[in-house]
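Visitor: Pasting the sequence and the predicted model now:
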Amino acid sequence: MLQKSFEIFEIKDYIDKAMSVSDVKRPKPYPDGSNKVLRSFGLKPCQAVFVGDSVTDMKAGKNASCILSIGVLSGIGTERELRNAGADFVVKNVSKLNGVLKA
């Protein structure tokens, strides 16, 4: 399901791994999923961007110490909620991620 979404929104070239709740013991806002993905690439949090559509996602990105947390408005969080939870950028939908990631 995740891979299909990445293809539809033309962002699959920017995503090497994705993690779901079934892949970790503690779900978001704990940083376990992010840390697991980062370790698999040999990366540090300061080399990663966290993208999500909820307050819990933004908290997870911050808890993992990712360099940026990007909120997407096509989910459950409002712009104000995402920014208050720590979003560095907020985009209207995932199709707008391309512009932020290229910047």
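Guide: That came through fine. In this text, all values refer to a predicted model and were calculated from it rather than measured experimentally. Numbers count the residues shown, from 1 in each chain.

Visitor: does the most centrally placed residue in the chain have beta-bridge partners, and which?
Guide: In the chain, the residue lying closest to the centroid (Cα atoms, centre = their mean) is residue 51, at 2.0 Å. Applying DSSP bridges to residue 51 yields these beta-bridge partners: residue 70.

Visitor: which ones are touching it?
Guide: Neighbour list for residue 51: 57, 69-70, 72, 94, 97 [criterion: Cβ atoms under 8 Å, 6 or more residues apart in numbering]. C-beta coordinates here come from the backbone N, C-alpha and C atoms, glycine included.

Visitor: Now with 7 Å, please.
Guide: Taking Cβ atoms under 7 Å, 6 or more residues apart in numbering, we find residue 51 in contact with 70, 72, 97.

Visitor: Pick the one among those residues closest to residue 45.
Guide: residue 70 (14.6 Å; Cβ to Cβ).

Visitor: Pretty sure that closest one sits against residue 49.
Guide: Yes. Counting by Cβ atoms under 7 Å, residue 70 touches residue 49, with 6.3 Å between them.

Visitor: ok, those two, which is more surrounded?
Guide: Using other Cβ atoms under 10 Å, the more surrounded residue of residue 70 and residue 49 is residue 70, with 24 against 16.

Visitor: List the buried residues for the helix or strand bottoming out on mean pLDDT in the chain?
Guide: Of all helical and strand segments in the chain, the minimum by mean pLDDT, DSSP states H and E falls on helix 2-8, at a mean of 81. For helix 2-8, burial by neighbour count (16 or more other Cβ atoms under 10 Å) applies to residue 6.

Visitor: Sounds good, over and out.
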